[in-house]
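Peer 1: Okay, here's the prediction I keep looking at, along with the sequence it came from:
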Amino acid sequence: MRKKLNLIVINIVTLSLIFCVPVPVWADLVPDQTITTSPTIDPLTTPPNSTPGTEPPPDATTTDFLIEDNPLSAADAPCETAMCGVEADQPVSGIIYIEPNLSLNPDIRKVAYYLNGTFSTREYTSPFTWGGSAGFDTNKLKNGIYTLAGAYTTKAGDVNFSLTFTVLNDGSADTIPPVISTVTASNVTSSGATIAWRTDEASDSQVQYREQGASTWSNTALNSTFVTSHSVALTGLNANTTYQYQVLSRDQAGNFAAQTTIASLTTGDATAPATGDFTGVTAGATVSGLVNIGPDLSVHPGIQKVAYYLNGTKSGKVYLAPFYWGGVNGIGTGGFDTRTLSDGAYTLGMGYTDSTGDHAASVSFIVSNATPDTTPPVISAVISNNVTSSGATIRWTTDEVGDSQVQYREQGTTDWLVTALNTSLVTSHSVALTGLTPSTVYDYQVLSKDQSGNFAAQTTIASLTTSDATAPATGDFTGVTEGATVKGVVNIGPDLSVHPGIQKVAYYLNGTKSGKVYSSPYWWGGVNGTGVGGFDTRILYDGHFTLSMGYTDSTGEHTASVSFMVNNTVDGTVFPVISAGDAWGITSNGATIIWTTNEPSDSQVEYRVQGTTAWSTTNVNTSLVLNHLVVLNGLTASTAYEYRVKSKDPEGNLTTQATISTLTTRIPSEDTRIPYITMVDVYPTSTGGTITWRSDEITDSRVRYRVAGTATWINSSLNPAFRLKNSVVLTGLTPGTAYELQVISQDPSGNLVLQETISYLTTTL
């Protein structure tokens, strides 16, 4: 099957040079071929090597030339460059065929194309032509200058390319300049400002400016990126000075536009106090009403978007300057109304993206919209329990959140001793007294201070008597004492000599429900609600645990807890077990390293360039967790790194990853936008399920999941295919079990996103 294309001969010659478009044998002209004519042979009607009167091939007419339905690949065309089909800055029109030179690179596997920085197509089939075998129709584009860039993948790795050409489909160039609108000045400081504007077509960005009254203009450096939303920073200005400015833009066809009016701004006072990461608030400040808190754009001028987190919970995302917290629908204006919050202390974190990557900062402040709080906490329900020969636990409650401290002394003495202050603001307080003398009476008073600094001390002096060091200690529990080490099957339950009227007990291990029993002796682990049988600690990992019991007696409902160590190993030394290590979110200058441990431990990573000997080490994250995450920053692009993870438990037992893992940073990319996840759906089976979701750009697919109510995440295998419709199949799950899950996607530039919410899957029976 052949197609007709109406072109004059000289255009066919040009196209064969620029686009490698083949022509039939009977019209096979070569570069720089001279066409001679005679009165009896017309080159527009008679094929070469023919005589007058000879009929041309079927379907040929006086001005038609045949083009093959499947054009030759660049490997067959006369091309000596890595990419064929267009030469630098050449005008093109209609359908064009741009593809890699398979003669130079025969082992190409795939090619990704980006037009003016936006993903266009990815081709997996030879000859890897942009747009597929049918080529790319430039009629879809406006006339103007375009850059087609991307990378092709070979056995040796990825190779970048970039081609610039001019689309000219109607025979005439674009002569209409951009239309400039919405010119604003923001982030004005004593030495600079940010000028923003919009154009009705993609254009470059520049600003000319001068002190008011002067005649000579200064120009900012030209930002040659073609955009419709423009932003240019003015720097090095004089304080307390009025400046005039005009914005300038030139489109891809070279049409120039200048702002029709001259605008002005006045810089601030140079004596203004120094700023930090934030404007609108300083650390420790008290705020009220509506606040305009945002990033200090004089410190961070290149910010593109900001996500806010209030006390660790997401509190909005904004995309436009001045990026104020609380901006509606992503607009960075409007501020935040603190009257929607309770008075008290808050920490506002911001994760912001600029041209260098992702960063974070935080500020702490106090919200106070009411009359100052001058009322101290009310202390009640003060008790002592877990009394031993050398210590005791003091518990009490307050009617508002406050800190916790106890002062104590041997009865008959005058000097008080004071425990370390626990600054956690709670209403249920617990403080351990240690280092006491056996068989001794102690006086004690509990102390609490609220968020406003109002202090309260127990109005009475209470007392307790430590036990004989030679006598067995009693407390809320039998079968275990505070800080003891246990193994195998244990018979732990309430001490019925202390709590004789118990009717039922509910147990919680590290905060997760661990059974309920209804009959004496109410041992933890009793089968089917019976309080006998005990609990087998061998089903737990070796490490620290806290067992709490909520018990009901004739006086109501009460709680108690005890902490102990499980150790079913031989030598008594328990080291964290590291597993599920992986590198996520690999970019040109960083990566996120994750792993899990079988007991709460801290987090650290050692890393080095592959082939070197000296390790670099991240700071220790001292939070004791089961799921670990450490971010590596400042890496070199396109470089192989070795790394190993380290975790240390509360006893100081350190485990270093036995093997060395590797990662390779990516080629630098201007794409720093994080993908957006929507439409997460779950389709369960008896032993697994299929998880599907959509992303707003092509990404790979992974899911992390765990049994609902447990702490440790499990990562699925990575589905490396880049697509908009993502899917992961989970297998090996337990029938009739509820699971929590989050989907994870990463785009080709290494930008990683984790689902913000948790989805749920319950396998069928």
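Peer 2: Looks like it came in fine.

Peer 1: Give me the below-cutoff pLDDT ranges for the stretch 551-700 of the chain.
Peer 2: Segments of the stretch 551-700 of the chain classed as low confidence (criterion: pLDDT under 70) are 570-574.

Peer 1: which non-adjacent residue is nearest S647?
Peer 2: Residue nearest to S647 in three dimensions, not counting chain neighbours: S601, with 3.7 Å by CB to CB, 6 or more residues apart in numbering. (Each C-beta comes from the backbone N, C-alpha and C, glycine too.)

Peer 1: So the one you found lies in a strand, does it not?
Peer 2: Yes - under DSSP: H, G, I helix; E, B strand; the rest coil, S601 falls within a strand.

Peer 1: Next up, the contacts around it.
Peer 2: Contact analysis of S601 by CB atoms under 8 Å, 6 or more residues apart in numbering lists P576, L624, V625, L626, H628, S647, K648, D649, T655.

Peer 1: Same check on F136?
Peer 2: I95, I96, Y97, I98, T129, W130.

Peer 1: what about 10 Å?
Peer 2: Contact partners of F136, counting by CB atoms under 10 Å, 6 or more residues apart in numbering, are 85, 92, 94-98, 113, 115, 120-121, 129-130, 148.

Peer 1: what's the answer for Y739, then?
Peer 2: Counting by CB under 10 Å, 6+ apart, Y739 makes contact with 682, 684, 688-689, 705-708, 710, 714, 730, 733, 759-763.

Peer 1: Surely N621 is in contact with S603?
Peer 2: Yes - using CB atoms under 10 Å, N621 is in contact with S603, at 4.2 Å.

Peer 1: Could you pick out the buried ones from the contacts of Y739?
Peer 2: V682, P684, G688, G689, Y705, R706, I714, L730, L733, S759, L761, T763 (16 or more other CB atoms under 10 Å).

Peer 1: And the last one, what's its pLDDT?
Peer 2: At T763, the predicted lDDT confidence score is 90.

Peer 1: shouldn't it be in contact with A708?
Peer 2: No - using CB under 10 Å, T763 is not in contact with A708; the gap is 11.3 Å.

Peer 1: which neighbours do those two share?
Peer 2: T737, A738, Y739.

Peer 1: Between N621 and S603, point out the one with more neighbours.
Peer 2: Higher neighbour count among N621 and S603: S603, with 24 against 16, using other CB atoms under 10 Å.

Peer 1: what's the burial count for N619?
Peer 2: N619: 9 surrounding residues under other CB under 10 Å.

Peer 1: Likewise for T656?
Peer 2: Counted by other CB under 10 Å, the residues lying close to T656 total 13.

Peer 1: Let me see the ranges of the strands in the stretch 551-700 of the chain.
Peer 2: 556-566, 578-584, 591-609, 616-617, 621-632, 640-648, 654-656, 661-664, 677-684, 689-707 (DSSP state E, counting those that start in this stretch).

Peer 1: Need those strands in a markdown table (columns: distance to L447).
Peer 2: What follows is these, written out as a markdown table (distance: least, CB to CB, whole Å):
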| stretch | distance to L447 |
| --- | --- |
| strand 556-566 | 22 |
| strand 578-584 | 42 |
| strand 591-609 | 29 |
| strand 616-617 | 41 |
| strand 621-632 | 27 |
| strand 640-648 | 33 |
| strand 654-656 | 37 |
| strand 661-664 | 50 |
| strand 677-684 | 48 |
| strand 689-707 | 40 |
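
Peer 1: can you tell which of these is closest to N510?
Peer 2: Smallest distance to N510 across the strands of the stretch 551-700 of the chain (CB to CB): 9.1 Å, for strand 591-609.
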